[in-house]
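> Could you work out the structure for the sequence below:
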Amino acid sequence: MSSTQATPGHGDAVTSSPSPDDGPSLVGPDTFKAVFRQHPAGVAVVTFSDAGRPVGFTATSVISVSADPPLLTFSIDSGSSSWPALAHTDTLVVNFLSAAQVEVSARFATRDIDRFADGGWTLLPTGEPVLDGSPSWVRGRVVQRTAIGRSFLVSVLALEAAQSSSAAPLVYHDRTYHAVGEHTVL
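This next block holds a predicted model:
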């Protein structure tokens, strides 16, 4: 197994890549995708500026890593149209979407369009776009980018956060959007 090790927390990655010696076979891509379609995920849109131009994409891979220090992470495919700009941006905003923002999620997941053309966003004084109507968002500094498979895991230190409402969150499950609320409490 090939790996690179460094002291975590200093912007260096600890990575590991599969090798032919890892076992008889790997799970096939279709099976792997089918398993994760059954795992519900919150929906967010990551936004940032690249040379004064707003950039953004939908992400269902956002997770909280640590509260102290406040760290989150998400993944992005290296073939994403947003990756070249994200590869060198210093700060960004993770906009957590409400169930009322299905169209926003779909727009930011669509390739080859101007995702910001329909408006519905404002710039923070620090230059990052924030989506109007998002019940909460986190602005942060990118502290690490780790190549894993065909994707990158991006780690972000939270610098600022805002919560404007407790609207039902948007959730993605089995290729469809859902709302979580009182009606879903077990």
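
> Which secondary structure element of the protein has the lowest mean pLDDT?
Sorting the helices and strands of the chain by mean pLDDT, DSSP states H and E puts strand 2-4 at the bottom, at a mean of 35.

> Quick check, L72 in contact with S64.
Yes: assessed by Cβ atoms under 8 Å, L72 is found in contact with S64 at 5.6 Å. Yep, even glycine has a C-beta here, placed from its N, CA and C like the rest.

> The two: who's more crowded?
Between L72 and S64, L72 has the larger neighbour count (other Cβ atoms under 10 Å), namely 18 against 11.

> ok so that one is a strand residue?
Yes: applying DSSP: H, G, I helix; E, B strand; the rest coil, one finds L72 inside a strand.

> Mind listing the residues bridging to it?
Beta bridges link L72 to S64, V156 when assigned by DSSP bridges.

> In contact with it, which residues are there?
By Cβ atoms under 8 Å, 6 or more residues apart in numbering, the contact list for L72 reads 62-65, 94, 138, 140, 155-156, 158.

> Just the buried residues out of the residues you listed, in PyMOL syntax.
Buried residues among those (16 or more other Cβ atoms under 10 Å), as a PyMOL selection:
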select buried, resi 62+94+138+140+155+156+158
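
> tell me which of the contacts of L72 is nearest to H183?
V62 (24.1 Å; Cβ to Cβ).

> sorry, back to before: between the contacts of L72, which is nearest D118?
Of all the contacts of L72, V94 has the smallest distance to D118: 20.2 Å, by Cβ to Cβ.

> does the closest one really touch A44, like I thought?
Yes: contact criterion Cβ under 8 Å: V94 and A44 qualify, at 5.1 Å.
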